[in-house]
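J.: predicted model, plus sequence, below.
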Amino acid sequence: MSHQHRYPPFESDFCADLECCGSGYKTMWRNTLGMEGKRAKSIIENDNPLVTALIIHKGHAVLDDFCCNRVWIFINEHGKVASVPM
């Protein structure tokens with residue numbers, strides 16, 4: 001039987017909110033609002049090397065489990081960041 005892994009690998013077994021996830025790194029990126037999604041991804045992953053940023057079109061379904069090492073970047077129809085990634 002195959003085991004389905006969450007992407008990126010799930011790493012929040014001991015965390016329930018952003019405060020415990022930071023490990024001294026940023027966990028929220030207000031400065032990326034309105035920015036092109038790929039540029040925001042680069043900034044986020046540079047600011048916090050513990051996370052993988054995933055670009056998703058606003059309104060598309062995503063996993064709702066809490067994960068310290070994943071940041072959703074919701075973009076609008078123009079490819080711009082539509083909400084604060086965290």
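T.: Nice, thanks for sending it over.
J.: pLDDT averaged over stretch 76-86, what's the number?
T.: In this model, stretch 76-86 carries a mean pLDDT of 97.
J.: how about it: buried residues?
T.: Across stretch 76-86, burial judged by 16 or more other Cβ atoms under 10 Å covers Lys80, Val81, Ala82, Pro85. No exception for glycine: its C-beta is placed from N, CA and C like everyone else's.
J.: low-confidence ranges in this structure?
T.: 1-20, 22 (pLDDT under 70).
J.: let's see it at 80
T.: Applying pLDDT under 80 to the chain picks out residues 1-23, 63-66.
J.: which residue is nearest the middle of it?
T.: What sits nearest the mean C-alpha location of the chain, by Cα atoms, centre = their mean, is Val71, with 0.7 Å.
J.: re earlier: out of the buried residues of stretch 76-86, which comes closest to Thr52?
T.: Top of the list for closeness to Thr52, among the buried residues of stretch 76-86 and by Cβ to Cβ, is Pro85 at 11.8 Å.
J.: now do the SS call for that closest one.
T.: Following DSSP: H, G, I helix; E, B strand; the rest coil, we place Pro85 in the coil state.
J.: where do the helices of the chain begin and end?
T.: 18-21, 37-47 (DSSP state H).
J.: distance to Cys67 and mean neighbour count added to the ones you listed, as JSON lines?
T.: Output for the helices of the chain, formatted as JSON lines (distance: least, Cβ to Cβ, whole Å; neighbours: other Cβ atoms under 10 Å):
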{"stretch": "helix 18-21", "distance to Cys67": "9", "mean neighbour count": "14"}
{"stretch": "helix 37-47", "distance to Cys67": "14", "mean neighbour count": "17"}
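J.: can I get those helices in CSV with distance to His60?
T.: Putting those into CSV (distance: least, Cβ to Cβ, whole Å) gives the following:
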stretch, distance to His60
helix 18-21, 22
helix 37-47, 13
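J.: which parts of stretch 54-70 are buried?
T.: Quick answer for stretch 54-70 (16+ other Cβ under 10 Å): Leu54, Ile55, Cys67, Cys68, Asn69, Arg70.
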